[in-house]
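**Student:** Give me coordinates for this.
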Amino acid sequence: MDKNKVSIVILAAGKGSRMKSPKAKVIHTICGKPMLYHIIKASQEISNDITVVIAHQKEDVQKQISAYFDNINFVVQDTQNFPGTGGAMKNVAPKNEKVLVLNGDMPLITSDSLKGFLDKEEDIIMSIFDLTNPDGYGRVIIKNTHVQKIVEQKDASADELKVGTVNAGIYAFSKNILEKYIPLLENKNAQAEYYLTDVIAMAKADNFNIFPLLVDETEFKGVNSKKDLSDAEAIMQNKINTRWMNEGVIMQLPATIYIEEGVIFEGECIVENGCRITGKTLIINSHIKAGSVIEDSTIINSDIGPLAHLRPASYVEDTHVGNFVEIKKSTLKGVKAGHLSYIGDAEIDEGTNIGAGTITCNYDGIKKYKTIIGKNVFVGSDSQLIAPVTIEDNVMIAAGTTVTSGTVAKGSLAISRTKLTLIKDFYYRFFDKK
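**Tutor:** Numbering: from 1, shown residues only. I've put the predicted structure just below:
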């Protein structure tokens with residue numbers, strides 16, 4: 001597909017008051033990314049000229065989207081003087097002859113679903129679908145296979161409100177149509193807004209044909225509330241999980257597994273029920289057991305969990321991480337950490353065993369410090385390693401030991417225990433039971 005044939009404009013200026021949130025609607029997240037991100041990603045597959053119209057919290061919207069894309073044009077809408085979807089198009093200057101106008105609250109759109117707008121040589125193509133309950137949508141009046149007019153719900157008559165064919169909110173215009181009619185828009189309606197749909201009416205009056213394109217309601221679902229947000233995320237999550245299962249990942253009870261957009265699996269992987277995998281995580285030939293949480297980490301030839309937590313910037317290779325183990329910003333290669341441990345800001349080499357209850361004490365209240373553990377180290381249960389500390393190869397740390405800052409030399413035994421004292425009959429005296 002020639003990406004230079006179509007320009008895409010994404011309308012993302014609205015407040016989204018029905019979200020009942022101080023945050024702009026288009027940056028609410030779905031599967032780990034702002035919903036606007038998903039629309040831009042799909043758009044980039046068919047166009048090299050993408051414009052996003054912003055207004056509400058424009059700096060924050062632009063900042064978040066620019067973190068993912070560096071080739072997006074941003075246009076600020078003058079919502080005070082030119083409110084509405086038509087007003088949003090006032091300062092847009094598309095480069096190509098066909099212009100596809102999308103809404104910033106439709107995160108389930110795919111490039112395939114947009115290709116239908118590009119296959120037809122019409123002056124105007126608009127998306128429609130049929131609903132049993134069309135409440136909240138603009139109605140589309142069709143006669144002789146072409147659109148006669150679009151009526152916003154607030155402006156519709158009683159007969160028009162009975163129509164079940166609704167406007168899905170996506171349009172393809174020839175550039176000359178927009179250049180001709182956008183300057184002629186007026187705001188003489190119940191909302192005192194400039195409607196993009198009025199371009200349809202003016203073009204129809206001038207005998208231009210408006211072709212209605214029936215689209216999949218699921219993919220063109222708009223997000224207007226927190227409930228809509230949840231529904232859209234469930235649909236996208238199912239797509240993500242299905243994709244990876246088709247790529248060979250084994251998932252047990254996939255409906256219980258949350259995997260964000262951006263996670264990558266390679267090789268033979270198993271993900272058990274109740275797992276949460278987020279960020280730029282890479283998992284290769286590994287088994288993620290039930291209830292584990294993985295964030296922005298790399299896991300290679302390893303098994304994790306159940307109920308383990310890998311926090312961001314963890315790298316685990318040829319390693320067993322058991323239940324109730326938390327790892328943060330650490331590298332483990334060829335390590336066993338079976339249960340009940342915290343490993344933070346550490347580097348641990350092959351053959352090392354981390355006993356239950358081991359804690360790397362990496363934070364002094366001001367700064368974080370590193371723990372470096374060499375090969376074939378045996379760390380006994382209930383040990384505290386107070387960073388910065390280096391434990392060289394072939395060392396034994398006795399159970400219950402606190403290793404203070406410094407270096408434990410190769411081949412050593414480190415042990416720090418208070419002498420056990422037994423006080424005869426203390427229990428009876430304390431509870432006065434003798």
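**Student:** report the longest helix in this protein, please.
**Tutor:** Using DSSP state H, we find that the single longest helix of the chain is helix 226-246.
**Student:** Check the offset of that helix from the chain's centre.
**Tutor:** With CA atoms, centre = their mean, to the nearest Å as the basis, helix 226-246 stands 11 Å off its chain's centre.
**Student:** Which stretches in the stretch 151-300 of the chain count as strands?
**Tutor:** Using DSSP state E, counting those that start in this stretch, the strands assigned to the stretch 151-300 of the chain run over residues 165-174, 210-214, 250-251, 258-259, 264-266, 270-271, 276-278, 282-284, 287-288, 293-295, 298-300.
**Student:** Who are the packing partners of the longest helix of the chain?
**Tutor:** Under the contact criterion of 3 or more CB pairs under 8 Å, 6 or more residues apart in numbering; DSSP states H and E, helix 226-246 touches strand 29-30, helix 35-44, strand 250-251, strand 258-259. All C-beta spots, glycine's among them, are computed from the backbone N, C-alpha and C.
**Student:** quick one on the thing from earlier: which one, of the strands of the stretch 151-300 of the chain, ends up nearest to residue 415?
**Tutor:** Taking CB to CB, strand 298-300 is the member of the strands of the stretch 151-300 of the chain nearest to residue 415, at 33.5 Å.
**Student:** the inter-axis angle of the longest helix of the chain versus helix 35-44?
**Tutor:** 50 degrees (axes from the mean of the first three to the mean of the last three CA atoms, to 10 degrees).
**Student:** shaky segments in the chain?
**Tutor:** Counting by pLDDT under 70, the low-confidence segments of the chain come to 1, 433-434.
**Student:** what's the domain layout of it?
**Tutor:** Domain assignment for the chain by automatic domain parsing gives 6-214, 226-414.
**Student:** Reformat those domains into CSV and put distance to residue 423 and mean neighbour count next to each item.
**Tutor:** Compiled in CSV, the domains of the chain are given as follows (distance: least, CB to CB, whole Å; neighbours: other CB atoms under 10 Å):
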stretch, distance to residue 423, mean neighbour count
domain 6-214, 57, 18
domain 226-414, 20, 19
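**Student:** Switch these over to a markdown table; also include distance to residue 421.
**Tutor:** Converted to a markdown table, the domains of the chain look like this (distance: least, CB to CB, whole Å):
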| stretch | distance to residue 421 |
| --- | --- |
| domain 6-214 | 54 |
| domain 226-414 | 15 |
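**Student:** now for the ones you listed, which one comes closest to residue 431?
**Tutor:** Residue 431 lies closest to domain 226-414 among the domains of the chain, at 27.3 Å (CB to CB).
**Student:** so can I have TSV of the helices and strands packed on helix 226-246 showing distance to residue 297?
**Tutor:** Below are these laid out as TSV (distance: least, CB to CB, whole Å):
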stretch	distance to residue 297
strand 29-30	19
helix 35-44	21
strand 250-251	19
strand 258-259	13
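**Student:** Can you show me the CA trace of the longest helix of the chain as PDB?
**Tutor:** Extracted C-alpha coordinates of helix 226-246, given in PDB (Å, rounded to 0.1, in the frame of the first residue of the first chain):
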ATOM      1  CA  LYS A 226     -14.800   4.100  32.400                       C
ATOM      2  CA  LYS A 227     -17.200   1.200  31.600                       C
ATOM      3  CA  ASP A 228     -16.400   1.600  27.900                       C
ATOM      4  CA  LEU A 229     -12.700   1.700  28.700                       C
ATOM      5  CA  SER A 230     -13.000  -1.600  30.500                       C
ATOM      6  CA  ASP A 231     -15.000  -3.200  27.700                       C
ATOM      7  CA  ALA A 232     -12.400  -2.000  25.100                       C
ATOM      8  CA  GLU A 233      -9.500  -3.300  27.100                       C
ATOM      9  CA  ALA A 234     -11.200  -6.700  27.500                       C
ATOM     10  CA  ILE A 235     -11.600  -6.900  23.700                       C
ATOM     11  CA  MET A 236      -8.000  -5.800  23.000                       C
ATOM     12  CA  GLN A 237      -6.600  -8.200  25.700                       C
ATOM     13  CA  ASN A 238      -8.400 -11.100  24.000                       C
ATOM     14  CA  LYS A 239      -6.800 -10.100  20.700                       C
ATOM     15  CA  ILE A 240      -3.300  -9.900  22.300                       C
ATOM     16  CA  ASN A 241      -3.700 -13.200  24.100                       C
ATOM     17  CA  THR A 242      -5.100 -14.900  20.900                       C
ATOM     18  CA  ARG A 243      -2.200 -13.600  18.900                       C
ATOM     19  CA  TRP A 244       0.400 -15.000  21.200                       C
ATOM     20  CA  MET A 245      -1.400 -18.400  21.500                       C
ATOM     21  CA  ASN A 246      -1.400 -18.500  17.700                       C
END
